[in-house]
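[1] here is my input, please return the structure:
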Amino acid sequence: MTRTTLALAIAAFVAVLPQARAQTSETATDATRLPAAAATPSEPDEASADAEADDAPQAGIDPHFQADGDAGASATGAFATAAGSGAIANAPGASAFGSGAMAQAMHTTAVGFDSAASADYASAFGAGAQAAADSATAIGGELYVMNGETWEMEAFATIASGRESVAVGAGARALAYQSTAIGAGAYAAGEESVSIGGSARGDSTTAVGVMATAGADHSTAIGKGATTGAMRTLAVGGGSAAFGDSATALGQAAQAYGAQSVALGFRSLVTGEGGMALGADAFSTAAGSVALGANAVADRDFTVSIGDAGAERQLVNVAAGTEGTDAVNLAQLRDATRYAELFEATGGPDNQQPATVMGDYGTAAGSGALAASLGASAFGSGAFAYEKHTTAIGFNSAASADYASAFGAGAQASADSATAIGGQYYVMNGETWEMEAFSTIASGRESTAVGAGARALEYASTAIGAGAYAGGEESVSISGSAQGNSTTAIGVMATAAADHSTAIGHGAAAGAIRSLAVGGSAGAYADSATALGQVARAFGVQSVALGFRSQSDGDGSLALGADAWSTATGSVALGAGAFADRAHTVSIGAAGAERQLVNLAAGTQGTDAVNFDQLSAVAARVGEVADNAIGYDDASRGRVTFAGAQGTVLTHLADGDVAADSTDAVTGNQLFETNQRVGVVEGRVDGIEDRIGDIEGVAGNAVAYDDDARDSVTLAGENGTRLGNVAAGAINAASREAVNGAQVHAGMQSVATAFGGGTVIDAGGRLIGSVFTIQGSHYGNVGDALGALDGVIAGLDGRIGALETGGGGGGVTAPPSGRGDGLAVGNDSVAVDGNDTAVGHGAVVEAEGGTALGSNASITADASNAVAVGADARVEAASGTAVGQGARVSAEGAVALGQGAIADEANTVSVGNADQQRRVTNVAQGVRDTDAANVAQVNAGDARTLQSANAYTDSRFAAWEDNFSALRGEIDDRMRHQDRRIDRMGAMSGAYAGMASNTSGLAGRNRIGVGVGGQGGEQAIAIGYQRAIGNRASVSLGGAIAGGESSVSAGAGFSW
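    Modelled structure (predicted):
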């Protein structure tokens, strides 16, 4: 269409040229052949401007081709043509027509005011049109659009800027290689894109219709407002939308959101990957589901629905099924109930591959099925059971080792006693953007893989859940990835990467040996590290982080409480928001958010903490000592004044050195001896008075009273005089005896002992070495120590006052309590009724008899006798049970099991929600009238006996009849389902018992048990988890599977 329009425009222009040339003066010459002066007319002066406008044209100017404006046209390229004020054609074969038109590349054409053709062979037609790439074509004028912010009109030119691009229409834009934009405002931005009135933004896209948008590569949007938002999508119809990769939406308002989905019909909708909705208002919301017919709803994975609840349809004219996954008709089902036969079967006339039994007591059913050994069983097209007592059920399933079992399309059990249950798992390849299939595989001896794409690869490994991976010996994975030996990963995206590690919770990661991570996005990344709680992180070796967003960085450190953080080696951060950044310390708060440590017993060892009572007793004792303490009179320590009203007796003094230079105190004993001697001297003085004259020569050395009063004796030693051999004087209130140095020393020693703090007496009788330690600070004298102690006691008095005013209680190890009459444990927890239990941060129980365990778990006022276990679990209806993070129950008696599960129908059990479903494997046969009968049900009763008989000729049937009769009795015994179910239940009981007995004596708070059981040839496995909450409460969750049977259990226990 665009090339035709361009051809018509050029033809019209060429048709005008001969007429214009016929009317041109014979003297006119082609612009390219005129002299330079004639080719570019000179500017007229002002005096002659009006005259020239009225006069005949000058030579070289055609009167039929005139232009208003001051600038002259310029044609400088070979065979170039320029017409119009300021028109420029400056390349070979270039043509510019119109004021300001510019043809600036080889063989370009620019027609219209300010049009521009700037690349080889480009063409621009229309005011402002721009052709800016080789062979590009732009046809159209400017488009005026209101600016939504300024409320002013803005102009958009027609632009073709991609090589070989075409833009036709006012404001049309074709911006990439071979892009085409047709219509006012049309936009084509991708290579080889086409837009007719719409917007084609990706490569190889097509948008047809007003406001139609093709937003991703290789997509097509047709119709007003049609939109595509992903690669290889198709949306046809007004308001239709295709947003999933390779999705198709056909019909008014049809919408396809799932990858590779198809929505066909008015207002049809597909949200699941690979789903189809065919018919007006048909809805397909599950992966691989098909809703067929108006108002049909398909909300289960890989199902076909031809109606809706209360508006079912019959599926008529159904041919007899011939393959393992074919639907069967009513006639087949009725005939099947009359027969139970052992048989071999071919695939029918389509592929002629018969089933084959090569071992004794083997069974094979399905095209190409092979039972190759003793007791082997193969059911399904391509099913292979190679070794003795193997079982392979499902398309292309394979059991290739003794006692191995494979159930599901493509399932593989390749080691002795291995079990693989599940179909294929599809994952998008990040490089090719294509879906890749992964089969369920059990390749380790005694391994178990349950779920689509589950893989158990080593000895005794267990993988349960779609895509679950158990890659280490004795590893267990439930919807996660257990990569090391003896590892456990439970939860979507949970990863246990190192030997003996455990990760439990959505996105939990245990990345080092013997590490443990429990909680959504919890992580333990160092050897023997433990992280418990949502987003808890343990980075230090043997560190523990317990609580929401807690983190332990230092080796051997502990962070206990929401947002608690321990960064130093051996440090402990205790309590929400606590921060410990010094090695081998315990912090119960943070700077600006300190806590009191209450209910602390009295310390008994040297490294024990002391409580306030002990400190008060010390303060009282120090006060007593201070009252009786002796101190120097001043800082010079030159005098000690005793405070006794009648003087002070110093006892137990050693005899002082009585010498001329002695400064020792003398004892009463020394003084007594002196007094005795003085008495003797006095007696003798009378006898020798007459001899005084004889001794005058030595009178200068005699000692005499100072005067007749005899109340003083002054010794004349230049540096003092020592009195030696002074007897100890009596030291009492009435004593006036001299004391010797020993008595003074003993007195000083008692003072030093009373002072304490290492006080000793030096050789000069001085008290030295006193050091008193108060709250880590050291003081050298009693006065300073008493001052410091007084400050400590004042601080403690203030804290006690604050405690008496603010209240508080509980030990340091007790969790915070909540509100209500019931048991509420955790910050902001609420248990309204006396029979309610709320455990966890923000846990709330508003109805009678409710139990909520987990952060923000809740039970509303209408939900009596309900249970909510897991972070953000919620129950809104009576007798509801929600187990798992984010699980929700809104209908009476319903059960939601698993992370994000939603149960919104009364008395039902849900293991997922509309956007995230789970497979529940080994489920008994369907019982609803609207359920389709599958081949597994038919095989359970050997229902394909008559189907095979009808498929073969009468002669073939006659040949088999004797075999059927001979084996009828054996088949009857093997088909007694009730016996097998009893055996399975017994096996599950044994598995539960084995699980419980191996965890009952364990001392840790987190216990995971695995048990296996067997009865009557049936095997079962049970897995359970128990969490101890302190010493008085615990919660548990477990489940067991055995063949087609399964069970779950959950419980909680409390003591007081």
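
[2] so Ser400 touches Ser414, yeah?
    Yes: counting by Cβ atoms under 8 Å, Ser400 does reach Ser414; the two are 4.9 Å apart. Where C-beta positions appear, they are placed from N, C-alpha and C, glycine not excepted.

[3] and this protein, what are its domains?
    2-43+65-197, 356-536, 537-588, 823-910, 979-1054 (automatic domain parsing).

[4] save these as JSON lines, and put in distance to Gln646, mean neighbour count and mean pLDDT too.
    Shown next, in JSON lines, are those (distance: least, Cβ to Cβ, whole Å; neighbours: other Cβ atoms under 10 Å; pLDDT from 0 to 100):
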{"stretch": "domain 2-43+65-197", "distance to Gln646": "103", "mean neighbour count": "20", "mean pLDDT": "77"}
{"stretch": "domain 356-536", "distance to Gln646": "73", "mean neighbour count": "24", "mean pLDDT": "91"}
{"stretch": "domain 537-588", "distance to Gln646": "55", "mean neighbour count": "23", "mean pLDDT": "92"}
{"stretch": "domain 823-910", "distance to Gln646": "68", "mean neighbour count": "23", "mean pLDDT": "88"}
{"stretch": "domain 979-1054", "distance to Gln646": "66", "mean neighbour count": "18", "mean pLDDT": "79"}
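
[5] Leu269 is nearest to which of these?
    domain 823-910 (19.4 Å; Cβ to Cβ).

[6] first-to-last residue distance for the closest one?
    For domain 823-910, the first-to-last residue distance is 29 Å (Cα to Cα, to the nearest Å).

[7] so how far is that domain from its chain's centroid?
    Centre-to-centre, domain 823-910 and its host chain are 23 Å apart (Cα atoms, centre = their mean, to the nearest Å).

[8] tabulate the domains of the chain (CSV), appending distance to Thr714.
    Output for the domains of the chain, formatted as CSV (distance: least, Cβ to Cβ, whole Å):
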stretch, distance to Thr714
domain 2-43+65-197, 114
domain 356-536, 86
domain 537-588, 67
domain 823-910, 85
domain 979-1054, 85
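
[9] nearest to Ala311 among those domains would be which one?
    Of the domains of the chain, nearest to Ala311 by Cβ to Cβ is domain 823-910, at 17.4 Å.

[10] spatially nearest residue to the spatially most central residue of the chain, not counting backbone neighbours?
    The chain has Ser521 as the residue nearest its centroid, 3.9 Å off, counting by Cα atoms, centre = their mean. Closest residue to Ser521 apart from its sequence neighbours, by Cβ to Cβ, 6 or more residues apart in numbering: Gly507 at 4.3 Å.

[11] any idea how far that neighbour is from Gly840?
    19 Å (Cβ to Cβ, to the nearest Å).

[12] same check on Gly990?
    Taking Cβ to Cβ, one finds Gly990 at 34 Å from Gly840.

[13] check for me that Ala996 belongs to a strand.
    No: judged by DSSP: H, G, I helix; E, B strand; the rest coil, Ala996 forms no part of a strand; its state is helix.

[14] show me what contacts the spatially closest residue to it that is not a sequence neighbour?
    Once flanking residues are discounted, Ala996 sits nearest to Gly1009: 6.6 Å by Cβ to Cβ, 6+ apart. With contact taken as Cβ atoms under 8 Å, 6 or more residues apart in numbering, Gly1009 is in contact with 995-996, 998-999, 1022-1026, 1038.

[15] understood, closing this out.
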